[in-house]
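J.: Pasted the sequence and its predicted model underneath.
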Amino acid sequence: MQEISFHHETVLSDVHMLRPGGRHLMTHLNNVGQPERCDEPGSDLKHESETSQTVKQATEEPDGEDRKVESLLDFDGDLDIIHRPRPNLTEGSSRDWTRPVVLKQSNDAMEQEEEGHWLKDVIRIEHTMATPMEDVGKQVWRGALFMVDFILSNPVMFRGATVLELGAGTGLTSIITATIAKTVYCTDVGEDLLQMCKRNVALNKHMLKSADHEVKVRQLDWLQDDLCTDAAVEFSWTKEEVADLNNTSIIIAADVCYDDDLTDGLFRTLHRLCSNFPHTCTVFISIEKRMNFTLQHMDVSCEAYDHFIHCMNQLQDLENGRCSFRVDQLPSNFDQFILYERVEQLELWKVTATPLPFMPARSDPEAF
């Protein structure tokens with residue numbers, strides 16, 4: 001088996017995607033952070049049954065006798081325990097759980113699978129479980145799942161809307177948003193990441209109700225002032241799409257504030273976009289408040305989160321004569337539709353950008 005070596009800059013995913021009634025598939029990772037093998041359909045239940053029986057036998061041995069614990073250990077000696085997902089939907093909710101499935105890189109054979117083999121409500125996402133810091137967009141983060149829960153809890157708000165996602169990563173949030181919204185611009189940077197988004201959109205075209213629901217994967221660099229409109233560049237914008245972007249009523253960004261320079265770029269982009277919209281635009285940003293012990297402070301701190309809050313305050317206090325911004329933290333008690341651990345550090349923020357009445361410059365001091 002090919003061993004993966006983790007370096008100090010390697011970032012491990014804290015999200016385990018689950019398959020219905022089975023174990024999580026992150027058994028082994030190869031050198032690009034993908035699961036080394038995926039169990040064949042139907043083998044999960046057999047494995048779970050055999051392991052559960054071993055657990056029962058081991059725990060029923062009388063005290064003082066050797067217990068059969070060796071068979072419960074995984075490949076590196078840790079106790080291998082199966083955790084069954086426990087749905088905790090709000091009482092009275094009529095929606096079903098969505099269970100994304102971990103995949104290796106998609107290929108032609110996968111695309112040619114018979115449609116009947118896949119459940120209609122299963123989302124297939126290609127992603128990685130371990131990356132360097134610069135490639136964390138290839139992982140699925142809790143903040144994205146948290147954003148999905150919010151969107152599915154408020155379908156009326158997103159129905160028929162034009163939505164722009166900033167820092168879309170694997171495209172999971174854009175894909176689910178497009179099941180409700182009319183058009184979703186799924187944006188990020190990096191050709192390999194955008195290619196992954198494109199493959200994921202193709203893998204989940206069955207989720208879109210009709211041709212009226214569309215996900216467009218496009219490049220949008222927060223550190224650049226202009227959109228790329230070069231037709232020779234893949235994932236560039238057409239003139240029609242640039243014009244359509246003015247119809248954006250909702251912007252979403254899920255767990256993208258982990259680097260101060262990128263956070264600054266995000267808020268500059270939000271300010272530039274919202275200041276040019278002729279109508280009110282609502283921005284939703286999810287973030288996980290991550291605690292880290294630093295030698296600089298000799299204490300636990302949340303530097304990335306603190307910088308995010310600082311930028312939010314600056315945005316609200318900004319007066320540029322073109323747009324006003326209102327910032328609100330939203331309650332996080334909306335329904336949960338995705339199987340993941342919703343930790344209390346997850347937060348959702350709302351920014352309402354409202355254009356101000358146009359005030360022409362006065363050339364005559366005596367004029368009104």
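T.: Nice, thanks for sending it over.

J.: Sketch out the low-pLDDT regions of the chain for me.
T.: 1-120, 209, 293-301, 358-368 (pLDDT under 70).

J.: what ranges do the strands span in the stretch 201-350 of the chain?
T.: According to DSSP state E, counting those that start in this stretch, the stretch 201-350 of the chain carries its strands in the segments 214-219, 250-254, 281-288, 292-294, 299-301, 323-330, 346-355.

J.: So which of the ones you listed is the most surrounded?
T.: strand 250-254 (a mean of 25; mean count of other CB atoms under 10 Å). To be clear about C-beta, it is placed using only N, CA and C from the backbone, and glycine gets the same treatment.

J.: Does anything pack onto that strand? Which helices or strands?
T.: Under the contact criterion of 3 or more CB pairs under 8 Å, 6 or more residues apart in numbering; DSSP states H and E, strand 250-254 touches helix 142-153, strand 162-165, helix 172-177, helix 260-276, strand 281-288.

J.: Provide the contact partners of that strand at residue level.
T.: Identification of contacts with strand 250-254 by CB atoms under 8 Å, 6 or more residues apart in numbering yields 141, 143-144, 146-147, 151, 157-158, 161-167, 169, 173, 177, 181, 266, 270, 273-274, 281-286.

J.: In its sheet, which strands sit next to that strand, and in what direction?
T.: According to DSSP bridges, strand 250-254 forms sheet pairs with strand 162-165 (parallel), strand 281-288 (parallel).

J.: Make CSV out of the strands of the stretch 201-350 of the chain and add distance to Met133.
T.: Output for the strands of the stretch 201-350 of the chain, formatted as CSV (distance: least, CB to CB, whole Å):
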stretch, distance to Met133
strand 214-219, 20
strand 250-254, 18
strand 281-288, 16
strand 292-294, 14
strand 299-301, 18
strand 323-330, 27
strand 346-355, 21
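
J.: Quick check: which of the ones you listed is nearest to Glu241?
T.: Glu241 lies closest, by CB to CB, to one member of these: strand 214-219, at 6.9 Å.

J.: Please, which helix or strand holds Arg199?
T.: Assessed by DSSP states H and E, Arg199 sits inside helix 191-203.

J.: if we can go back for a sec, would you mind finding the most buried of the helices and strands packed on strand 250-254?
T.: Most buried of the helices and strands packed on strand 250-254, by mean neighbour count (mean count of other CB under 10 Å): helix 172-177, with a mean of 27.

J.: give me every residue that touches Ala353.
T.: Ala353 sits in contact with Leu270, Cys274, Ser275, Phe277, Thr280, Cys281, Thr282, Val283, Cys323, Ser324, Phe325, where contact means CB under 8 Å, 6+ apart.

J.: Just flag the most distant two among those residues.
T.: Greatest spatial distance among the contacts of Ala353 (CB to CB): Ser275 and Thr282, at 14.9 Å.

J.: Test my guess that Trp349 contacts Leu270.
T.: No - counting by CB atoms under 8 Å, Trp349 does not reach Leu270; the two are 11.6 Å apart.

J.: got the contacts of Ala353 as TSV, with distance to Phe308 columns?
T.: Listed next are those as TSV, based on distance: CB to CB, whole Å:
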residue	distance to Phe308
Leu270	12
Cys274	17
Ser275	20
Phe277	22
Thr280	23
Cys281	19
Thr282	18
Val283	13
Cys323	20
Ser324	20
Phe325	15
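
J.: doesn't Ser236 make contact with Asp230?
T.: Yes - using CB under 8 Å, Asp230 makes contact with Ser236 at a distance of 5.2 Å.

J.: Between the two, point out the one with more neighbours.
T.: Counted by other CB atoms under 10 Å, Asp230 and Ser236 do not tie: Ser236 has more neighbours, with 14 against 8.

J.: show me the contacts for Ala168.
T.: Here Ala168 is in contact with Gly137, Ser174, Cys186, Thr187, Asp188, Cys197, Val217 (CB under 8 Å, 6+ apart).

J.: Nearest to Glu319, out of those: which one, please.
T.: Looking across the contacts of Ala168 and measuring by CB to CB, the closest to Glu319 is Thr187, at 28.1 Å.

J.: Tell me what angle the helix or strand containing the closest one forms with helix 260-276.
T.: Following DSSP H and E, one finds Thr187 within strand 183-188. Relative orientation of strand 183-188 versus helix 260-276 (axes from the mean of the first three to the mean of the last three CA atoms, to 10 degrees): 150 degrees.

J.: partner strands of strand 183-188, parallel or antiparallel?
T.: Note on strand 183-188: by DSSP bridges, its sheet partners are strand 162-165 (parallel), strand 214-219 (parallel).

J.: now for the ones you listed, which one comes closest to Cys302?
T.: Smallest distance to Cys302 across these (CB to CB): 24.4 Å, for strand 162-165.

J.: Can you list the neighbours in contact with the closest one?
T.: Strand 162-165 is contacted from outside by 173-174, 177, 181-187, 244-245, 247-254, 273, using CB under 8 Å, 6+ apart.
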